[in-house]
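model the following, please.
(chains A and B)
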Protein chains: 2
Amino acid sequence: MTNLQAQWIVGFVDGEGCFHVGINKNQSMALGNQVLPELTIVQHKRNVKILYALKDYFQCGVVRQNHGDRMCYRVRGHQNLLEKIVPFFEQHELKTTKRIDFLKFRQVVLMMDKGIHLSSEGLEKIQIIQQQMNNKS
Amino acid sequence: MTNLQAQWIVGFVDGEGCFHVGINKNQSMALGNQVLPELTIVQHKRNVKILYALKDYFQCGVVRQNHGDRMCYRVRGHQNLLEKIVPFFEQHELKTTKRIDFLKFRQVVLMMDKGIHLSSEGLEKIQIIQQQMNNKS
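Prediction:
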């Protein structure tokens, strides 16, 4: 297994990572919406080994096929994000503007930890944050 | 100026870097061809600061507009590649398949250092290496 150093991971995520907050219709949820933060890193399948090395480093997440010949390392799950991903990027600062996305992502994860997404007012706040992410505004 | 660590650079180049060998028609050259190895890293202009930080780290290369709203950090020049870029990535191993491109790139730079590209036989060898780079074969 490839051994990764923290700074290598920061550089790679600065290049290839995506901090994403999905808000999906889900009738089983009280407000009819599910908030789904995730970190994804997509690579050509020839580099799948590096995705497994990331999974091994963070001890969470899954490696999945993405589109065509591309594979994806993806971390979902509130505890994984709260206890592993967020603290890692708090400790090791991203150096590109991806850091701004991470800080918004972090804000959503911390809001979810307090259950703020379960009120319609909180959900609205999260929607506003989400709309400012990944250069959508 | 953003301070970069070597491992961050390796991770970022594993994601975003391109080791490229151009072979361009140039009638001023003895064989009518110029061999032009270059390392390029392209980013949206919002991240131009990181390209200048790379330039500062390697103490060579230029930051230029690429296409549209994209900027590029580019290192050409035989001595820059031979004395700065190649030794850096020899010392700090790339972790994705980009390492294979780097090793071919390095091979071309070392061949050029011996003037091998100045014979038609040598140029042909370089063309074969070039065709195996960046997943062209």
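
could you use CA atoms for every contact and neighbour count after this?
Fine.

for chain A, what spans make up the helices?
Using DSSP state H, the helices of chain A run over A:6-16, A:48-58, A:78-80, A:86-91, A:98-113, A:120-131.

list the contacts of the spatially most central residue of chain A.
Residue closest to the average C-alpha location in chain A (CA atoms, centre = their mean): A:Leu39, at 2.1 Å. Residues in contact with A:Leu39 (CA atoms under 8 Å, 6 or more residues apart in numbering or on different chains) are A:Gly17, A:Cys18, A:Phe19, A:His20, A:Arg74, A:Val75, A:Arg76.

do that again at 10 Å, thanks
By CA atoms under 10 Å, 6 or more residues apart in numbering or on different chains, A:Leu39 lies in contact with A:13, A:17-21, A:61, A:72-76, A:81, A:85, A:102, A:105.

equivalent analysis for A:Val13, please.
Per CA under 10 Å, 6+ apart, neighbours of A:Val13: A:7, A:19, A:39-41, A:89, A:94-96, A:98-99, B:8, B:11-12, B:15.

how far away is it from B:Ile50?
Taken as CA to CA, to the nearest Å, the spacing of A:Val13 relative to B:Ile50 amounts to 14 Å.

pull up the overlap in contacts between those two.
Contact criterion CA under 10 Å, 6+ apart; residues shared by A:Val13 and B:Ile50: A:Lys95, A:Thr96.

before we move on, the earlier item: restricted to strands, list the contacts of A:Leu39.
The strands, defined by DSSP state E, take in A:Gly17, A:Cys18, A:Phe19, A:His20, A:Val21, A:Cys72, A:Tyr73, A:Arg74, A:Val75 from the contacts of A:Leu39.

chain B contacts on chain A?
A:2-17, A:42-44, A:46-51, A:94-98 (CA under 10 Å from any CA of the partner chain).

of the residues you listed, just the buried ones, ChimeraX syntax please.
Per 16 or more other CA atoms under 10 Å in any protein chain shown, the buried members of the residues of chain A next to chain B correspond to this ChimeraX selection:
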select /A:4,6,7,8,9,10,11,12,13,14,15,16,17,42,43,47,48,49,50,51,94,95,96,97,98
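
below-threshold pLDDT in chain A: ranges please.
Chain A contains residues with pLDDT under 70 at A:136-137.

mind redoing it with 90?
A:1-3, A:24-33, A:134-137 (pLDDT under 90).

okay, the angle between the longest strand belonging to chain A and helix B:6-16?
Using DSSP E to assign secondary structure, the strand with the most residues in chain A is strand A:33-44. Going by axes from the mean of the first three to the mean of the last three CA atoms, to 10 degrees, strand A:33-44 is angled at 90 degrees with respect to helix B:6-16.

and strand A:33-44 with helix A:120-131, angle?
Here the directions of strand A:33-44 and helix A:120-131 differ by 20 degrees (the same axes, to 10 degrees).

restricting to C-alpha, output strand A:33-44 in PDB.
Taking C-alpha atoms only, strand A:33-44 is exported to PDB below (Å, rounded to 0.1, in the frame of the first residue of the first chain):
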ATOM      1  CA  ASN A  33     -35.000  17.100   2.000                       C
ATOM      2  CA  GLN A  34     -31.800  15.300   2.900                       C
ATOM      3  CA  VAL A  35     -28.500  17.300   3.300                       C
ATOM      4  CA  LEU A  36     -25.600  15.200   2.100                       C
ATOM      5  CA  PRO A  37     -22.100  16.600   2.500                       C
ATOM      6  CA  GLU A  38     -19.400  14.600   0.800                       C
ATOM      7  CA  LEU A  39     -15.700  14.800  -0.100                       C
ATOM      8  CA  THR A  40     -14.900  13.200  -3.500                       C
ATOM      9  CA  ILE A  41     -11.700  12.700  -5.400                       C
ATOM     10  CA  VAL A  42     -11.900  11.400  -8.900                       C
ATOM     11  CA  GLN A  43      -9.100   9.800 -10.900                       C
ATOM     12  CA  HIS A  44      -8.700   7.700 -14.000                       C
END
